[in-house]
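Asker: Give me coordinates for this.
(one chain, ligands or ions: 3)
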Amino acid sequence: MKKYNIVIVGGGSTFTPGFLKSFCRMQKEFPLNKLVLFDIDGERQKPIGEFGKLLFQDNAPEVEFSYTTDIKEAYTDMDFVFMQMRVGKYAMRELDEKIPLRMGLIGQETVGAGGFAYGLRSTKEMIKAVYDIRKYAPEAWILNYSNPAAIVAEALRREFPDDKRILNICDQPENIVRSASRSLGCDFHLLDPVYFGLNHYGWFTHLYNVETGEDLLPKLREIIHERGFLPQDAEQRDQSWLDTYGYVQQMMEDFPEFLPNSYDQYYLYPYYKLEHLNPEYTRTDEVRNGREKRVFEECNKIIEAGTTKGLVDIHEDAHAEFMIDVAMDIAYNRNNRHIIITENNGLIANMQDDAMVEVAAELGANGPRPMGVGNIPTFYKGLLEQQVAYEKLTVDAYFEHSYQKALQALTLNRLINDAKKAREVLDKLIEANGDYFPELK
Ligand SMILES: NC(=O)c1ccc[n+]([C@@H]2O[C@H](COP(=O)([O-])OP(=O)(O)OC[C@H]3O[C@@H](n4cnc5c(N)ncnc54)[C@H](O)[C@@H]3O)[C@@H](O)[C@H]2O)c1
Ligand SMILES: O=P(O)(O)OC[C@H]1O[C@H](O[C@H]2[C@H](O)[C@@H](O)[C@@H](O)O[C@@H]2CO)[C@H](O)[C@@H](O)[C@@H]1O
Ligand SMILES: [Mn+2]
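Answerer: Ligands and ions are numbered 1, 2, ... in the order given. Here you go, the predicted structure:
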């Protein structure tokens, strides 16, 4: 059985320890030769790297595990690159959330003005990283889930049009399917979803039972109406995520035909969301006081003990399992179905061909074979076309260094929708982002 070489970019991520645990546990199904962590922040990565050393030493000493800040060491001979960088880290995420919120606009990691700022930061570093990877690992599969995936995917499509081994993917659609399976009381593998949209902006039209072909969405609609909606891993979630999933019920009361992605609520109920977001305590504060604190405390505890035996309390969430599953589908040509991001080219028949859309696909060694959904109804088409235009203008602004395109993008964004506000928030974001941004003239 071939053993694979894998690098995780953003080795200092709060999600890395969970990934390491999952990789370790899955050694029989997905044996590794080498696992490397890479980060530009060596200090942040160090405790996670040291934890990883102990974890593999104790559980899978045959795997060559290391961590580095050296590009050549990170990428040479890699088969898969897992991309999970957060450019500007939580300090900049906080500003993405708080600058707009203090102006009465939605401030969030991937949507609205915050998503725009994160998009420009990520684009710059992701393009650089892909050039670095291709220098040392021309054949490696690049699995990107660094956010905002919609903007990153559009930017990479333009910069690397012939590179067929970059896959942009998000686990939120699968998380909704897993959550639906909890409501329906079945294994999530039983559900075969039909989905259309953009990243963090889409809908399920059907949830078929793979064995019988029955569409379980009508039944799920009734359950959600009666009992609301919970994430599959509700017991591990912070309150803000429970609220986010809970709001799926309201979305389905108002727009019952399809099951929405949880992110749709920002676009459909911006005023409600604004009333419930606190500009002085945002998701970044919750993550810093929760996941980030827990992860680093746990790593340090293990380092101090010099062993992981009997100590590892790190949460292995569905996110890591999902991304590893994606890599295995490619490695073993399994052609399993996942919801992925790809160029439209008629998949959503009544939307522009060059939009980066999110749909179900079979995934194997030759990449995704996506499934078309035909024409989508006018309501959804209207919402999505506005968003595609915003995303494309954001990427235009990056490549053309154009302040004007950035202003157009933000004016068109449904969560801003006003040129004066757009200019005001753009100027504040430019100032706050400094060299993280391209020059916008
Ligand atoms: N799409 C999904 O399903 C999904 C799910 C979870 C997280 N994410 C994404 O994963 C990323 C990590 O999230 P987190 O909350 O753990 O963030 P984090 O801040 O804990 O970790 C991100 C790491 O990236 C590093 N980094 C920044 N710029 C880099 C660069 N140019 N090269 C290499 N490393 C760099 C940082 O130093 C940091 O250690 C984010 O982009 C987040 O949005 C995506
Ligand atoms: O606010 P955060 O940092 O907790 O999460 C932001 C990310 O949220 C989604 O990812 C979920 C993921 O779907 C779930 O499986 C679990 O692992 O938690 C993740 C984070 O809570 C979203 O899809 C990502 O794009 C966001 O970055
Ligand atoms: Mn996502």
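
Asker: Who are the contact partners of F38?
Answerer: 7-11, 67-69, 71, 74-75 (C-beta atoms under 8 Å, 6 or more residues apart in numbering). Using the backbone N, CA and C atoms, a C-beta is placed for each residue, glycine as well.

Asker: whoops, D39 was the one
Answerer: Counting by C-beta under 8 Å, 6+ apart, D39 touches 9-12, 45, 67, 69.

Asker: which of these tops the neighbour count?
Answerer: G11 (29 neighbours; other C-beta atoms under 10 Å).

Asker: okay but that residue is in contact with E50, surely?
Answerer: No - taking contacts as C-beta atoms under 8 Å, G11 lies outside contact range of E50: 11.4 Å.

Asker: right, and out of the contacts of D39, which lies closest to I223?
Answerer: Minimum distance to I223 across the contacts of D39 is 36.9 Å, recorded for G10 (C-beta to C-beta).

Asker: looking at it, the closest one is touching T16, isn't it?
Answerer: Yes - between G10 and T16 a contact is recorded at 7.5 Å, counting by C-beta under 8 Å.

Asker: Overlap of the contact sets of those two?
Answerer: Q84.

Asker: dump the residue contacts of D41.
Answerer: By C-beta under 8 Å, 6+ apart, the residues touching D41 are 12, 69, 89.

Asker: Strands along this protein, start to end?
Answerer: 4-9, 32-38, 64-68, 80-83, 141-144, 166-168, 191-198, 201-209, 259-260, 336-343, 356-364, 367-370 (DSSP state E).

Asker: Export the ones you listed to CSV and append columns for distance to ligand 1.
Answerer: Output for the strands of the chain, formatted as CSV (distance: least, C-beta to the nearest ligand atom, whole Å):
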stretch, distance to ligand 1
strand 4-9, 5
strand 32-38, 6
strand 64-68, 11
strand 80-83, 8
strand 141-144, 9
strand 166-168, 9
strand 191-198, 13
strand 201-209, 13
strand 259-260, 17
strand 336-343, 10
strand 356-364, 11
strand 367-370, 16
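
Asker: Need the winner for burial among these.
Answerer: strand 80-83 (a mean of 27; mean count of other C-beta atoms under 10 Å).

Asker: pLDDT weak spots in the stretch 151-300 of the chain?
Answerer: Counting by pLDDT under 70, the stretch 151-300 of the chain shows no low-confidence range.

Asker: State which one residue of it is found closest to ligand 3.
Answerer: C170 (3.2 Å; C-beta to the ion).

Asker: hang on, the earlier thing: make JSON lines from the strands of the chain and add distance to E439 to it.
Answerer: Listed next are these as JSON lines, based on distance: least, C-beta to C-beta, whole Å:
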{"stretch": "strand 4-9", "distance to E439": "25"}
{"stretch": "strand 32-38", "distance to E439": "27"}
{"stretch": "strand 64-68", "distance to E439": "31"}
{"stretch": "strand 80-83", "distance to E439": "25"}
{"stretch": "strand 141-144", "distance to E439": "25"}
{"stretch": "strand 166-168", "distance to E439": "26"}
{"stretch": "strand 191-198", "distance to E439": "27"}
{"stretch": "strand 201-209", "distance to E439": "29"}
{"stretch": "strand 259-260", "distance to E439": "38"}
{"stretch": "strand 336-343", "distance to E439": "28"}
{"stretch": "strand 356-364", "distance to E439": "25"}
{"stretch": "strand 367-370", "distance to E439": "35"}
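
Asker: K405: which of these is closest?
Answerer: Closest among the strands of the chain, using C-beta to C-beta: strand 356-364, at 17.5 Å.

Asker: The residue in the chain positioned nearest to ligand 2 - how many residues pack around it?
Answerer: Residue nearest to ligand 2 within the chain: H319 (3.1 Å; C-beta to the nearest ligand atom). By other C-beta under 10 Å, the residues close to H319 number 21.

Asker: Next to ligand 1, which bits of the stretch 251-400 of the chain? Give me the list.
Answerer: Contact residues (C-beta under 6 Å from any ligand atom) of the stretch 251-400 of the chain with ligand 1: H319.

Asker: if you set the cut-off to 8 Å instead, what comes out?
Answerer: Residues of the stretch 251-400 of the chain found near ligand 1 (C-beta under 8 Å from any ligand atom) are 287, 291-292, 319, 322-323.

Asker: anything in the top helix by length along the chain sitting right up against ligand 2?
Answerer: Taking DSSP state H as the criterion, the chain has its longest helix at helix 112-136. No - Helix 112-136 is not in contact with ligand 2 by C-beta under 8 Å from any ligand atom; minimum separation 9.7 Å.

Asker: relative to strand 32-38, how tilted is that helix?
Answerer: 130 degrees (axes from the mean of the first three to the mean of the last three C-alpha atoms, to 10 degrees).

Asker: start the count at 51, not 1, going forward
Answerer: Fine by me, first position is 51 from now on; the one you just mentioned is helix 162-186.

Asker: and the angle for helix 162-186 with strand 54-59?
Answerer: 140 degrees.

Asker: tell me what helix 162-186 is packed against?
Answerer: Judged by 3 or more C-beta pairs under 8 Å, 6 or more residues apart in numbering; DSSP states H and E, the packing partners of helix 162-186 are helix 121-125, strand 130-133, helix 139-152, strand 191-194, helix 199-209, helix 428-450, helix 453-462, helix 469-483.

Asker: Quick one: mean pLDDT for the first one?
Answerer: Here helix 121-125 scores 98 as its mean pLDDT.

Asker: Can you tell me which of the residues of the stretch 301-450 of the chain next to ligand 1 end up in helices?
Answerer: 337, 369, 372-373.

Asker: R215: which of these is nearest?
Answerer: Closest to R215, out of all of these and judged by C-beta to C-beta, is M373, at 15.6 Å.

Asker: you'd agree the closest one is up against F69?
Answerer: Yes - with contacts counted by C-beta under 8 Å, M373 reaches F69, the gap being 7.4 Å.

Asker: just to revisit the earlier point, the longest helix of the chain and ligand 3, are they touching?
Answerer: No - judged by C-beta under 5 Å from the ion, helix 162-186 stays clear of ligand 3, getting no closer than 11.0 Å.

Asker: what about that helix, near ligand 1?
Answerer: Yes - between helix 162-186 and ligand 1, judged by C-beta under 8 Å from any ligand atom, the touching residues are 168, 172, 175-176, 178-179.
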